[in-house]
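In: below are the sequence and a predicted model; questions follow.
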Amino acid sequence: MLDRAFMDAVEPLRSPDLGTEHVAGLLYSMVRMTRPRSLLEIGLGYTTPFLLQALRDNVAEDAEDRRLLQQGTPDDPRLDVLRAESYERDYAPRLLAVDDLSDIDTTAAAVPKLLTTLGLDHLYSLYQGSFRGLASTLKSPVVPFDFVWFDCGSTHEYIDFLSEYWTHIQPCGGILLMHYTYWHWPTIRHRRDGYPITAGGIEPSAMLREIKRQHGCLGLDARFEIASLVEPHKSRQGSVTLIRRLAEAPPTGDFDMAAELEARGFPGPYAQFTL
């Protein structure tokens, strides 16, 4: 769990200008909720121990769930929500972390030592180098990835990553999260070290606009869904976009919600709504 001891231990990795102080907790919650088996992180940093702590907590929860399924009493409320078929496979999650650890402007180089201190190092493998070209060397059970966190570089890196790794994400519910997908225009001031800081309008990046364009063109044939979270008070490093792959296309225009609900035992009448 994310107790005080954990938060104190990871504090040296927290860097406000990198924008993951809130994203780390979001990643922890998402991994806890989705219980992935194979994970990929491009770009080590403050988020890495949160991902691995979530996996450690998942392993403990999975073991307790299995105990309940085998030995629990029928009146245990937890049994009302568990799907027994989800426990037919062993749960041994693993994170593949990719970073060359050479960027002096990040905290990546300090991560491996901290993970050992926290006792999380058995849950991940580290590949030191560029993510480019790595995907073609990955085999099962590493791929397909159930959960991917990408926080590395700028426009070229994001486009190259999507080109190479999209087909390596689990097509049935695989999740990709990308950091800093919204840009702020125009540039109106500079940081003390001369780095430009943008402010004013908050707009999807060109890369995200292309994803939205493809999603719109595919319409009901789209096999992915998109959601973005934006921190409106930030001039940079203040957004994440989630893309979830779908095994099936959404319902067609002939779909009748009321008829389906009635067939499943939920008779109407129902109010009409339009989004």
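Out: Yep, that arrived. Numbers count the residues shown, from 1 in each chain.

In: so, low pLDDT: which residues of the chain?
Out: Regions of the chain meeting the criterion pLDDT under 70 cover residues 104-105, 185-192, 194-200.

In: just want the most central residue of it.
Out: residue 177 (4.0 Å; C-alpha atoms, centre = their mean).

In: show me the contacts for that one.
Out: 27, 30, 148-150, 240-243 (C-beta atoms under 8 Å, 6 or more residues apart in numbering). In short, each C-beta sits where N, CA and C put it, glycine included.

In: name the SS class of residue 225, please.
Out: strand (DSSP: H, G, I helix; E, B strand; the rest coil).

In: give me the neighbour count for the residue lying closest to it once chain neighbours are set aside.
Out: Nearest-residue entry for residue 225: residue 244, 5.2 Å, with adjacent residues in sequence omitted and distances by C-beta to C-beta, 6 or more residues apart in numbering. Residue 244 has 17 neighbouring residues, counting by other C-beta atoms under 10 Å.

In: repeat for residue 268
Out: Using other C-beta under 10 Å, residue 268 has 10 other residues around it.

In: again, but for residue 214
Out: 12.

In: return the distance of it relative to residue 135.
Out: Going from residue 214 to residue 135 by C-beta to C-beta, to the nearest Å gives 20 Å.

In: where's the residue nearest to the centre of the chain, which helix or strand?
Out: Assigned by DSSP states H and E, residue 177 belongs to strand 175-179.

In: show me where the stretch 151-275 of the chain has its helices.
Out: Here the stretch 151-275 of the chain has its helices, by DSSP state H, counting those that start in this stretch, at 155-165, 206-218, 257-263.

In: direction included, what does the strand holding residue 177 pair up with?
Out: Strand 175-179 has its sheet partners listed here by DSSP bridges as strand 147-150 (parallel), strand 239-245 (antiparallel).

In: and it with helix 206-218, angle?
Out: Compare the direction of strand 175-179 with that of helix 206-218 by axes from the mean of the first three to the mean of the last three C-alpha atoms, to 10 degrees and you get 140 degrees.

In: so what's residue 175 bridging to?
Out: Beta-bridge pairing of residue 175 under DSSP bridges involves residue 147, residue 244.

In: you'd agree it is up against residue 242?
Out: Yes - counting by C-beta atoms under 8 Å, residue 175 touches residue 242, with 6.5 Å between them.
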